[in-house]
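>>> could you look at this predicted model? Sequence included:
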Amino acid sequence: NCDKVFFGGALEDLMEARKAVPDIPILASDLMLYPYQLYKMYLAGADAVTLIVAALEDKDLLYLTKIAKSLKMQTVLSVTSEVQLQRVTKLSAGGVDCISLSNRNLEDFNFDLTGEQALNLLKSPSIEEFHEKHAGIPILVEGRVGMISSSETDSFGETYLKAVIDAGATGVI
């Protein structure tokens, strides 16, 4: 994250990462609301950006995904609810590179440490609709996944990791 106020990062961090690893894709994960932010991240060396669906109106989501495509940047669309998943499904095929089902509560920025938020999305009817329109698009689960455990003997969340993969997630972040 390059936002100093909210996340303690800086654009220079992204530029340093690009210099250090020129051949590895870099994801910029700031709160992207405006086109100029995409251009800034692109010029700093980002290959992909996270767009938080809850923070964007449909027209803005569509516009930002088109700008990212024009810059040859991939988009990771962060989703926290079934309504948001339905909104992402409506985007044109080819307009989505990856979705991330988040365990974060966007009202207070806390995490659902049970993991049910993302797991329920993976099991929802809306995910089937998404698969029909956007076949082959990776679906990741995010949000302190390694901290979600179902028992004291499952301290690294192996049970949860298996559950999200079994439910159709491509991976976790």
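Okay, I see it. Numbering: from 1, shown residues only.
>>> now the helix-or-strand element of the chain with minimal mean pLDDT, how far from the chain's geometric center?
Across the helices and strands of the chain, mean confidence by mean pLDDT, DSSP states H and E is lowest for helix 4-7: a mean of 72. Mean-position distance between helix 4-7 and its chain equals 19 Å (CA atoms, centre = their mean, to the nearest Å).
>>> now do stretch 116-132
Worked out by CA atoms, centre = their mean, stretch 116-132 lies 15 Å from the chain centre.
>>> next, give phi and psi for Val49.
phi -130, psi 150 (degrees, to the nearest 10).
>>> distance of the closest residue to it other than its chain neighbours from Leu71?
If the residues on either side of it in the chain are set aside, Val49 comes closest to Ala28, at 5.0 Å by CB to CB, 6 or more residues apart in numbering. To be clear about C-beta, it is placed using only N, CA and C from the backbone, and glycine gets the same treatment. Distance of Ala28 to Leu71, given as CB to CB, to the nearest Å: 11 Å.
>>> thinking again about what came up before, could you give me the buried positions within the helix or strand just after the least confident helix or strand of the chain?
Per DSSP states H and E, helix 4-7 leads on to helix 11-20 as the next helix or strand towards the C-terminus. Neighbour-count burial for helix 11-20, counted by 16 or more other CB atoms under 10 Å, picks out 11, 14-15, 17.
>>> sorry, back to before: ok, how many other residues are close to the residue nearest to Val49?
25 (other CB atoms under 10 Å).
>>> show me where the chain has helices.
For the chain, applying DSSP state H gives helices covering 4-7, 11-20, 35-44, 58-70, 82-89, 116-122, 125-133, 158-166.
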